[in-house]
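prediction below, plus the sequence it came from.
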Amino acid sequence: MKRPEIETKIMNPLMGKTIPLPSYATDGAAALDLRACLDAAQTVHPGETVLIPSGIAISIHDPGLVALLVPRSGLGIKHGIVLANTIGVIDSDYQGEIGIGIVNRGATPYTIEPGERICQMMFVPVQQAQLCVVADFSQESGRGSGGFGSTGSL
């Protein structure tokens, strides 16, 4: 299967020179690693939220494709560093620099180094839906309106 080509614009002269461009860590990786495009290290204190520049902008063009920013599991588990909005959505028509909102939910300060891999970006198919207002649903589901925990825990 041919990989879609995503136009990528360098937004900071450090990107591609002292800071590597986003890349897949392995052949089987589902997401590219995005790096902190910083001139100097930045410390994030417990409970603090910061916006880290990625140094790039992308143009997806295709409304059937979205880029999702997801946390790196090692940073979250080992240091409490996660994305401020849990998952970032880069719409197909957004062309500005990708900013990475980071929150430190850990108990100790964490220093983000220039060029450090701080999140992942994956491209996922999207289908827009048409909402149709109805008085009753045309088919009943087994779950119905059962909410949180209604399917059990085991």
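That came in fine, so what should we check first?

which is the next helix or strand following the longest strand seen in the chain?
Secondary structure of the chain per DSSP state E: the longest strand is strand 49-59. Toward the C-terminal end, the helix or strand that comes next after strand 49-59 (DSSP states H and E) is strand 65-71.

pull the distance from that following strand to the chain's centre.
4 Å (C-alpha atoms, centre = their mean, to the nearest Å).

ok, it: who's next to it in the sheet?
strand 88-90 (antiparallel), strand 117-125 (antiparallel) (DSSP bridges).

before we move on, back to that, tell me the angle the longest strand of the chain makes with strand 65-71.
150 degrees (axes from the mean of the first three to the mean of the last three C-alpha atoms, to 10 degrees).

strand partners of strand 49-59, parallel vs antiparallel please.
Strand partners for strand 49-59, identified by DSSP bridges, are recorded as strand 7-10 (antiparallel), strand 97-104 (antiparallel).

winner for burial among those strands?
strand 97-104 (a mean of 19; mean count of other C-beta atoms under 10 Å). The way it works is simple: take the backbone N, C-alpha and C, and place the C-beta from them, glycine included.

can you list contacts of that one?
Under the criterion C-beta atoms under 8 Å, 6 or more residues apart in numbering, residues 11, 34, 36, 44-58, 69, 79-85, 88, 90, 110, 112, 118-119, 121 lie in contact with strand 97-104.

what residues of stretch 55-75 count as buried?
55-58, 60, 65-72, 75 (16 or more other C-beta atoms under 10 Å).

same check, this time on stretch 20-27
Pro22.

what does that stretch contact?
8, 15, 31-35, 54, 56, 115, 121.

what's the end-to-end length of it?
17 Å (C-alpha to C-alpha, to the nearest Å).

report the distance from it to the chain centre.
Per C-alpha atoms, centre = their mean, the centroid offset for stretch 20-27 relative to its chain is 15 Å.

stretch 4-19 now?
17 Å.

now the end-to-end length of it.
For stretch 4-19, the end-to-end distance is 24 Å (C-alpha to C-alpha).
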